[in-house]
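**Student:** requesting a structural model of the entry that follows:
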Amino acid sequence: MPIDERVMKKSNIGLAAFLAIAAVLIFWRYQIVEQNSIQEAAAITQYAGENVRFAAKVVKAPEDRFDSVHVVVEPEFAERGRVLLVSDKKLNVRYADIVQVQGILEQPGAFDGFDYAKFLAKDGIYALMRDPAVAVAQERSYEHAGEKVMAAIFDLKVAFRNTLETHLSPRHSSIMVEMLLGDKDVMSDQLAENLNATGLRHIIAISGAHIAILTMYLMPLLIWLGLWRQQAFYVTVALIAFYVALTGLQPSAVRSGIMGGMFLLGQYMGRQNASFRALMFSAAIMLLLNPLLLLRDVGFQLSFLAVLGMIFLMGPILSVLPQKLPFRQLLAMTLAAQIFTLPIVMWNFGQVSVVSVLTNLLVVPIVPFLMGAGFVLMIVGTLAPFLGFLLSFPVALLVQYIVWVVDFFAVLPFAAVQTENLSVFWLVLLYAVIAVFYWKFRKRAEFDFLP
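**Tutor:** Modelled structure (predicted):
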């Protein structure tokens with residue numbers, strides 16, 4: 001047996017052993033976390049239904065959504081566990097503030113088959129309070145230097161968002177705020193539904209694919225600026241880490257940053273197997289830290305599968321796409337991520353876009369330009385507000401193009417097909433078809449995508 005084959009065989013055996021051990025540890029960890037979660041929830045939900053008043057600390061950057069504000073706090077009356085404050089009015093609080101809260105404490109329930117309580121519990125949130133009375137008792141109480149750094153980053157994020165909202169219309173700014181800063185539910189429900197129907201929601205939401213696409217353009221840019229490939233790699237990793245922090249360290253963004261970073265690491269090493277091993281290692285570590293992600297967080301599943309799709313399907317897709325096709329690599333990456341996540345999207349959301357391939361061909365090529373122009377507007381417009389007006393024109397033009405595409409295709413009667421109550425058989429069949437495609441074209445695949 002050749003040396004390379006022996007090394008590969010040992011490597012595969014090592015990976016299989018690691019995954020087997022990780023699976024056992026994750027199951028053991030799940031039991032512990034589940035039990036602790038029940039105890040932590042009981043300490044908070046014992047007051048459910050009561051009008052309570054308590055002191056708490058704001059532990060996440062407040063989220064200004066389309067029709068509400070979400071603030072996560074840690075109450076002083078419980079050793080661990082968090083409460084979600086939801087208000088339809090502006091809450092003048094900031095990260096790390098000590099606040100006095102009063103209102104009716106509620107235990108999250110389920111709606112439309114979605115277990116909201118379990119979804120929140122994965123992040124340690126066990127109760128919510130609607131339209132509470134909130135007063136700041138102490139501004140910015142820092143327990144360590146890390147909180148002070150994060151507070152400064154969150155303040156910068158607020159400034160960036162204000163710049164986008166100042167120089168763009170509400171509809172345009174909502175798209176850019178979600179795309180660049182990762183804020184959730186900023187868009188209107190109608191716009192969000194139209195993006196889902198046209199298969200374009202992925203260009204807005206920060207995911208593993210989103211981070212990987214960002215790295216594809218950061219690396220060449222840094223190399224063009226004169227950095228060596230190794231230097232460009234490390235600078236890109238640092239910029240991605242800062243970007244994830246800028247989004248507010250949302251769990252979805254953190255997971256996306258890690259998984260997108262693993263894809264970048266594998267491509268930097270120039271080996272598909274390196275990407276796969278790095279991805280599996282990062283996923284195992286994340287599940288050991290919080291095993292509730294596996295079953296309770298669709299975002300984790302989609303981020304993992306999107307990057308997995310890019311690792312295994314991007315090469316085969318590139319091998320069948322015309323060589324002269326504009327933005328060939330970007331389209332291949334996007335299609336690979338979408339194809340691999342399609343069964344899970346159909347299973348969880350009961351809808352699949354029929355026009356997604358066409359809409360992605362029309363929109364995906366301009367996404368890098370939109371992101372680039374958006375970042376320039378966001379940064380320069382914050383430093384020099386008088387330039388924001390001029391820089392907003394190309395951003396508004398590109399966003400309006402996306403809106404035109406979305407509005408045109410969303411109203412078509414066949415734009416999306418409902419797939420509710422999908423059986424496991426179809427889920428397995430879809431991934432079987434994907435596996436056959438990979439198996440057929442794997443030998444023609446191109447795996448080295450970065451310069």
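**Student:** could you tell me whether L84 really is in a strand?
**Tutor:** Yes: assigned with DSSP: H, G, I helix; E, B strand; the rest coil, L84 falls within a strand.
**Student:** give me the neighbour count for it.
**Tutor:** 19 (other CB atoms under 10 Å). All C-beta atoms are positioned from the backbone trio N, CA, C, and that covers glycine.
**Student:** and L370, by the same measure?
**Tutor:** Neighbours of L370 using other CB under 10 Å come to 22.
**Student:** now do the contacts for it.
**Tutor:** L370 is in contact with 179, 395, 398-399, 402, counting by CB atoms under 8 Å, 6 or more residues apart in numbering.
**Student:** do the same with L181
**Tutor:** With CB under 8 Å, 6+ apart, L181 has these contacts: 157, 160-161, 164, 246-248.
**Student:** what's the farthest-apart pair in these?
**Tutor:** L164 and G248 (15.0 Å; CB to CB).
**Student:** which of the two has more neighbours?
**Tutor:** Ranked by neighbour count (other CB under 10 Å), L164 and G248 place L164 first, with 25 against 22.
**Student:** check which helix or strand that one maps to.
**Tutor:** Using DSSP states H and E, L164 sits in helix 145-167.
**Student:** report the buried residues of that helix.
**Tutor:** For helix 145-167, the neighbour count (16 or more other CB atoms under 10 Å) marks 147, 150-151, 153-154, 157, 160-161, 163-165, 167 as buried.
**Student:** residue boundaries of the strands in the protein?
**Tutor:** Assigned by DSSP state E, the chain shows strands spanning 51-58, 63-64, 69-75, 82-87, 98-106, 110-111, 114-115, 125-130, 133-138, 351-353, 416-418.
**Student:** which stretches of the stretch 251-400 of the chain have low pLDDT?
**Tutor:** 251-252, 259-260, 262-264, 266-273 (pLDDT under 70).
**Student:** can you give me the helices in it?
**Tutor:** When assigned using DSSP state H, counting those that start in this stretch, the helices of the stretch 251-400 of the chain occupy the ranges 251-269, 272-289, 293-296, 298-320, 328-349, 356-363, 367-383, 385-410.
**Student:** columns distance to G81 on top of the ones you listed, output as JSON lines?
**Tutor:** Shown next, in JSON lines, are those (distance: least, CB to CB, whole Å):
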{"stretch": "helix 251-269", "distance to G81": "16"}
{"stretch": "helix 272-289", "distance to G81": "17"}
{"stretch": "helix 293-296", "distance to G81": "16"}
{"stretch": "helix 298-320", "distance to G81": "21"}
{"stretch": "helix 328-349", "distance to G81": "27"}
{"stretch": "helix 356-363", "distance to G81": "40"}
{"stretch": "helix 367-383", "distance to G81": "35"}
{"stretch": "helix 385-410", "distance to G81": "40"}
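**Student:** of all those helices, which lies closest to R171?
**Tutor:** helix 385-410 (6.8 Å).
**Student:** show me what that closest one is packed against.
**Tutor:** helix 145-167, helix 170-176, helix 189-197, helix 356-363, helix 367-383 (3 or more CB pairs under 8 Å, 6 or more residues apart in numbering; DSSP states H and E).
**Student:** rebuild those as TSV, extending it with distance to L313.
**Tutor:** Compiled in TSV, these are given as follows (distance: least, CB to CB, whole Å):
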stretch	distance to L313
helix 145-167	34
helix 170-176	27
helix 189-197	22
helix 356-363	14
helix 367-383	19
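**Student:** specify the stretch among the ones you listed that is closest to D67.
**Tutor:** Comparing the helices and strands packed on helix 385-410 by CB to CB, helix 189-197 comes nearest, at 8.8 Å.
**Student:** now do the contacts for N92.
**Tutor:** Contacts of N92 by CB under 8 Å, 6+ apart are V136.
**Student:** for this structure, what's the longest helix?
**Tutor:** helix 3-45 (DSSP state H).
**Student:** now for it, which elements pack on it?
**Tutor:** Using 3+ CB pairs under 8 Å, 6+ apart: helix 3-45 touches strand 125-130, helix 272-289.
**Student:** what does the pLDDT read for F409?
**Tutor:** Note on F409: pLDDT of 96.
**Student:** that one and V355 touch, don't they?
**Tutor:** Yes: if you go by CB atoms under 8 Å, F409 and V355 touch, sitting 4.9 Å apart.
**Student:** more crowded one of those two?
**Tutor:** More crowded of F409 and V355, by other CB under 10 Å: F409, with 23 against 20.
**Student:** identify the residue nearest G350 in space, chain neighbours excluded?
**Tutor:** Leaving out its chain neighbours, the residue that sits closest to G350 by CB to CB, 6 or more residues apart in numbering is E420, at 3.7 Å.
**Student:** state the phi and psi torsions of the one you found.
**Tutor:** Here is the backbone geometry of E420 (degrees, to the nearest 10): phi -70, psi 150.
**Student:** okay, now it: neighbour count?
**Tutor:** E420 has 10 nearby residues by other CB under 10 Å.
**Student:** swap in S68?
**Tutor:** For S68, using other CB under 10 Å, the count is 14.
**Student:** before we move on, back to that, give me the common contacts of F409 and V355.
**Tutor:** Contact criterion CB under 8 Å, 6+ apart; residues shared by F409 and V355: 198, 415.
**Student:** please tell me how far L391 sits from L181.
**Tutor:** L391 sits 17 Å away from L181, taking CB to CB, to the nearest Å as the criterion.
**Student:** beta-bridge partners for the closest residue to G124 other than its chain neighbours, please?
**Tutor:** If the residues on either side of it in the chain are set aside, G124 comes closest to R82, at 5.1 Å by CB to CB, 6+ apart. As for beta bridges, R82 partners with I125 under DSSP bridges.
**Student:** quick one, what contacts R82?
**Tutor:** 59, 72-75, 123-126.
**Student:** for L305, state which of these is nearest.
**Tutor:** The closest of the contacts of R82 to L305 turns out to be D123 (CB to CB; 20.8 Å).
**Student:** how far out from the middle of the chain is stretch 47-65?
**Tutor:** Here the centre of stretch 47-65 is set off from its chain's centre by 24 Å, with CA atoms, centre = their mean, to the nearest Å.
**Student:** try stretch 100-110
**Tutor:** 27 Å.
**Student:** before we move on, what about stretch 241-256?
**Tutor:** That offset, for stretch 241-256, works out to 8 Å (CA atoms, centre = their mean).
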